[in-house]
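[1] only geometry, no sequence info:
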DNA sequence: CTAAAACCTGACATTGATGTCAGAGGCAAA
DNA sequence: TTTGCCTCTGACATCAATGTCAGGTTTTAG
């Protein structure tokens, strides 16, 4: 598979795939002329990378942990780091849940506000047709 | 309260507090000589800002939503945006939960691996909609 | 009064992932 | 062979939040 195909399959830009290689996250075979060639498994690998990016891990951290995650090669030290990342994600989940609930209560609370017809700085909303009176 | 005190109470740098003001997230009274002066409530406000930053909202988005969150005021349009943010956070939570579980199974699997010598291939662990290899 | 500490504005630097552009070469179809 | 698309490297641009430095004013402590 060439880089354009992998990009199409994963939804990740060609630019980013090259960047992942540069960061040591994603190896590629090279053809005689230097073009990158990926096995099928690269698709899952890229998805994993994206997932870890989404969890807020840096390239450097992913590069350190990825052999452990894909190969199960875990030194006790790596295992500790992995657990630390898991705990960090746990904290993120807790924080996000808190934020979600907070927004939620604002939303349901605002339902009452909507009935009373009060507006929220309508003059600052440059969008289409705000008909709420100021 | 002066800016240094607020920074100390919130753990946010003085630089960032000035930046928040510039972004319209955090207003400050000014003394005759121009120094910023904050009420006690600013502490909670800064914490809210941090919370929303942590949820991945941009300054611009926070600036738009914050009057509603703190005052409970919302136009229907703003309410929609708020709900969209909540849904976005919900998706983040789901993704993070998935990632956490994945790391978790690597961790417990790796523990087993260390005992049994079996390898643990996380890319083969089923999570949400992994495309099966052909 | 004086010196230190805190504050002000403004500007430039940094980090990280990604976009974009330029110039050169590879590869398959016509 | 020509055409057109894909790929290569390398470099510069971007965005957003924050760090840092400079030069000047204010506040506070001795």
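    It's in. All figures in this text were calculated on a predicted structure; none of them were measured in a lab.
[2] For DNA strand C, what is the nearest residue in chain A?
    Residue nearest to DNA strand C within chain A: residue A:13 (3.1 Å; CB to the nearest atom of the strand). In this view, the C-beta of every residue, glycine as well, is placed from N, C-alpha and C.
[3] can you give me the end-to-end distance of stretch A:31-51?
    Using CA to CA, to the nearest Å, the end-to-end distance of stretch A:31-51 comes to 29 Å.
[4] Only the buried residues of that stretch, if you could.
    Neighbour-count burial for stretch A:31-51 flags A:36, A:38, A:42-51 (criterion: 16 or more other CB atoms under 10 Å in any protein chain shown).
[5] before we move on, what about stretch A:48-67?
    Buried, per 16+ other CB under 10 Å, within stretch A:48-67: A:48-53, A:55, A:57, A:59, A:62-66.
[6] Among the residues you listed, which ones are in helices?
    A:48-53, A:59, A:62-66 (DSSP state H).
[7] and these, which two are the farthest apart?
    The distance between the two most remote of these (CB to CB) is 17.3 Å, for A:50 and A:64.
[8] Next, find the distance separating the most centrally placed residue in chain A from residue B:106.
    Nearest to the geometric centre of chain A sits residue A:54, at 1.9 Å (CA atoms, centre = their mean). From residue A:54 across to residue B:106, the span is 17 Å (CB to CB, to the nearest Å).
[9] Is stretch A:45-52 in proximity to chain B?
    Yes. On the criterion CB under 8 Å from any CB of the partner chain, stretch A:45-52 is in touch with chain B at A:45, A:47-48, A:51-52.
[10] How many neighbouring residues does residue A:17 have?
    23 (other CB atoms under 10 Å in any protein chain shown).
[11] Show me which residues of chain A sit near DNA strand D.
    A:2-5, A:7, A:14, A:18, A:28, A:34-36 (CB under 7 Å from any atom of the strand).
[12] of the residues you listed, buried ones?
    Applying 16+ other CB under 10 Å to these flags A:3, A:7, A:28, A:36 as buried.
[13] taking the mean pLDDT, what do you get for stretch A:30-37?
    Averaged over stretch A:30-37, pLDDT sits at 95.
[14] any residue of that stretch up close to DNA strand C?
    Yes. Applying CB under 7 Å from any atom of the strand, one finds stretch A:30-37 touching DNA strand C at A:31-35.
[15] Next, format the residues you listed as JSON lines and append distance to chain B and secondary structure.
    As requested, the residues of stretch A:30-37 next to DNA strand C are exported to JSON lines (distance: CB to the nearest CB, whole Å; DSSP: H, G, I helix; E, B strand; the rest coil):
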{"residue": "A:31", "distance to chain B": "22", "secondary structure": "coil"}
{"residue": "A:32", "distance to chain B": "27", "secondary structure": "coil"}
{"residue": "A:33", "distance to chain B": "27", "secondary structure": "coil"}
{"residue": "A:34", "distance to chain B": "27", "secondary structure": "coil"}
{"residue": "A:35", "distance to chain B": "23", "secondary structure": "coil"}
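[16] Need the max-distance pair from the residues you listed.
    It's A:32 and A:35 that sit farthest apart of these, by CB to CB, at 8.7 Å.
[17] Good, we can wrap up now.
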